[in-house]
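A.B. asks: What would the 3D arrangement of this be:
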Amino acid sequence: MQLLSFLHGEAQGQSWIQFGELSLALILSTLIGLEREFRAKSAGLRTHTLVGVAAALIMLVSKYGFGDVIARYEIVLDPSRVAAQIVSGIGFIGGGLIFIQRDVVRGLTTAAIIWLTAAVGMACGAGLPLLALFVTAAHFLVVYGYAQCEKHILSEHAELQVQYTPGKGAVEKVMQMCTGSGYIIQELAVGRAEATAEGETRAIRFRVSGRRGVQALLVAIADIKGVVTAGLSPAQPGKE
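C.D. replies: The predicted model follows:
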């Protein structure tokens, strides 16, 4: 009987309508995951796709999975409670993507997109395809459109100071790191050699211009082999 009901398309929670909702969740979450994969983020195509489809399935289960219980025992269930539990559960996945490296927080955007992907899947499972399509389009608008706005509007100028050990190619790597991260080096000055407990070191001071987020650049520079310290120039009051 269940097979006949499915073939006739009756709304038993396993009809073509629900398969279409799951398919829509699969397609939209895949698109979001591809964008993250192209950017080489920690959570990529497979993670976002699984989150979106799973959220849609959970919503469908909450809507149709207890129909026989309700009809037989006259029990009233609230599907919105399941939606709330999805939001709480996704928080654990998002929290695992956020980490702090030398006072710089990383992974916030990826965690937020995981949350958004779950919401898209929930909308598909709840039978709200237009909302799911709109939020998916909004995702690409924010990721790509806002990124261009940041380059033109939210630019930043900063003076950096890096102490390094000579003979390890640190200066060249620092320059490559800056230009590769989208910054333009405007001025460069090399200081005299200094003797420290670790050996002889030199310091370079240079001014860069580019998108905001110099702290993340400093973290990357500090990880370069041969770099002793990296920070903002003391000549910039009010910045750390």
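
A.B. asks: what's downstream of the biggest helix by length in the chain, the next helix or strand?
C.D. replies: Among the elements of the chain assigned as helix by DSSP state H, the one spanning the most residues is helix 16-38. Downstream of helix 16-38, the first helix or strand assigned by DSSP states H and E is helix 45-64.

A.B. asks: And that following helix, what does it pack against?
C.D. replies: For helix 45-64, the helices and strands in contact under the criterion 3 or more C-beta pairs under 8 Å, 6 or more residues apart in numbering; DSSP states H and E are helix 16-38, helix 79-97, helix 108-125. (Each C-beta comes from the backbone N, C-alpha and C, glycine too.)

A.B. asks: and the closest residue to T229 other than its chain neighbours, what are its bridge partners?
C.D. replies: Once flanking residues are discounted, T229 sits nearest to Q163: 4.6 Å by C-beta to C-beta, 6 or more residues apart in numbering. Taking DSSP bridges, one finds A203, T229 as the beta-bridge partners of Q163.

A.B. asks: Got the domain ranges for this protein?
C.D. replies: Dividing the chain into domains by automatic domain parsing, as the record does, gives the ranges 2-152, 155-232.

A.B. asks: Quick one: end-to-end length of stretch 210-230, please.
C.D. replies: Using C-alpha to C-alpha, to the nearest Å, the end-to-end distance of stretch 210-230 comes out at 18 Å.

A.B. asks: what's the distance between it and the middle of its chain?
C.D. replies: 21 Å (C-alpha atoms, centre = their mean, to the nearest Å).

A.B. asks: in it, what counts as buried?
C.D. replies: With burial defined by 16 or more other C-beta atoms under 10 Å, the residues of stretch 210-230 counted as buried are 210-211, 214-218, 220-221, 224, 226-228, 230.

A.B. asks: Which one of the residues you listed is nearest to K168?
C.D. replies: Of all the buried residues of stretch 210-230, K168 sits closest to G226, with 3.2 Å by C-beta to C-beta.

A.B. asks: Hmm, G169 and the closest one touching each other?
C.D. replies: Yes: G226 is within contact range of G169, at 6.7 Å (criterion: C-beta atoms under 8 Å).

A.B. asks: Identify the residue nearest A126 in space, chain neighbours excluded?
C.D. replies: Taking C-beta to C-beta, 6+ apart, and ignoring the residues beside it in sequence, A126 has M59 as its nearest neighbour in space, at 5.2 Å.

A.B. asks: ok, the one you found to L34 distance?
C.D. replies: M59 is 23 Å from L34, where distance means C-beta to C-beta, to the nearest Å.

A.B. asks: V174 now?
C.D. replies: Using C-beta to C-beta, one gets 33 Å for the distance from V174 to L34.
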